[in-house]
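Novice: Any chance you could fold what I've pasted below:
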Amino acid sequence: MELEGTRFQVITQLIKQKIIQLEFDNSDKKLMEIEKDRAEKDERIRKLTESLDLDERQEWIEYHRTQGTKYYQKQLYEKALIEYYLSILAFNNTSIWRSFGVQLINNIQLNLEYLKKPATMELLEFVLYIDPCNIKAYFKLGKCYSNNGNYQTALQNFQQGEKLCIQAQDKDNLQDFQKQISECRRYISQNRY
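Specialist: Numbers count the residues shown, from 1 in each chain. Got it, this is the predicted structure:
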């Protein structure tokens, strides 16, 4: 399965919008000024990384991922988010996305949750597009749908996660999925006329 470049762009744009939103919420700057600054910074990073060979690019990604983790451990979630984003800006092909993408997207989701800017459904769907066996993404996506009152879609995500838990013999997560499945079925049956 080959990942399309447009899908990379969409997920990068989603993360960029979250960063812009955070800066706007914590700044007196105008939104257009923040967006312009971010676009200029991103362009400088892209120009800097486009000439890197694969090893140098992976080194760049690993450096910023590690910096993000250090900031996360210090509970500096916004700084961690920006470091993870800098890693993603260096992604230029499917193999890099497969090697680093899922871990970085999971790290980004976690930081967004701590910053009270929860991951979007698009972000979670992208994780599942790259890694269709990601149990945590099924759970989080199911919770998103459930919280929005879309219990049928939530149920499908929880059932898929349950199936993966059974295959992986993951009894701890299995119980969480089964609880959510029961809740979804209860809501669905209550709302039938």
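
Novice: who does the one helix or strand residue 83 maps to touch, helix- and strand-wise?
Specialist: Per DSSP states H and E, residue 83 falls inside helix 77-89. Here helix 77-89 touches helix 5-25, helix 31-50, helix 54-73, helix 102-114, going by 3 or more CB pairs under 8 Å, 6 or more residues apart in numbering; DSSP states H and E. C-beta here means a position set from N, CA and C on the backbone, and glycine is covered the same way.

Novice: ok, and what's touching that helix?
Specialist: Outside of helix 77-89, the residues within contact range by CB atoms under 8 Å, 6 or more residues apart in numbering are 11-12, 15-16, 18-19, 22, 26, 42, 45-46, 49, 60-62, 64-65, 67-72, 100-101, 104, 107-108, 111-112, 114-115.

Novice: List the buried residues in whichever helix or strand comes after it.
Specialist: Note on helix 77-89: by DSSP H and E, the next helix or strand toward the C-terminus is helix 94-96. Buried residues in helix 94-96, counted by 16 or more other CB atoms under 10 Å: 94, 96.

Novice: The lowest-mean-pLDDT helix or strand in the chain packs against which elements?
Specialist: One helix or strand of the chain scores below all others by mean pLDDT, DSSP states H and E: helix 94-96, with a mean of 78. Under the contact criterion of 3+ CB pairs under 8 Å, 6+ apart, helix 94-96 touches helix 54-73.

Novice: Show me how far the helix it packs on is from its chain's centre.
Specialist: 17 Å (CA atoms, centre = their mean, to the nearest Å).

Novice: That helix versus helix 77-89: what angle between them?
Specialist: 170 degrees (axes from the mean of the first three to the mean of the last three CA atoms, to 10 degrees).

Novice: and helix 54-73 with helix 31-50, angle?
Specialist: Calculated by the same axes, to 10 degrees, helix 54-73 forms an angle of 140 degrees with helix 31-50.

Novice: could you turn helix 54-73 into CSV, dropping everything but the C-alphas?
Specialist: Taking Å, rounded to 0.1, in the frame of the first residue of the first chain, the C-alpha atoms of helix 54-73 are listed here in CSV:
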residue,chain,number,x,y,z
LEU,A,54,18.4,9.5,3.7
ASP,A,55,20.8,9.0,6.6
GLU,A,56,21.0,12.7,7.4
ARG,A,57,17.2,13.1,7.1
GLN,A,58,16.7,10.2,9.6
GLU,A,59,19.2,11.8,11.9
TRP,A,60,17.3,15.1,11.7
ILE,A,61,14.0,13.3,12.5
GLU,A,62,15.5,11.3,15.4
TYR,A,63,17.1,14.4,16.9
HIS,A,64,13.9,16.4,16.9
ARG,A,65,11.9,13.4,18.1
THR,A,66,14.3,12.9,21.0
GLN,A,67,14.1,16.7,21.8
GLY,A,68,10.3,16.4,21.8
THR,A,69,10.5,13.5,24.2
LYS,A,70,12.8,15.5,26.5
TYR,A,71,10.3,18.4,26.5
TYR,A,72,7.4,16.0,27.1
GLN,A,73,9.2,14.5,30.1
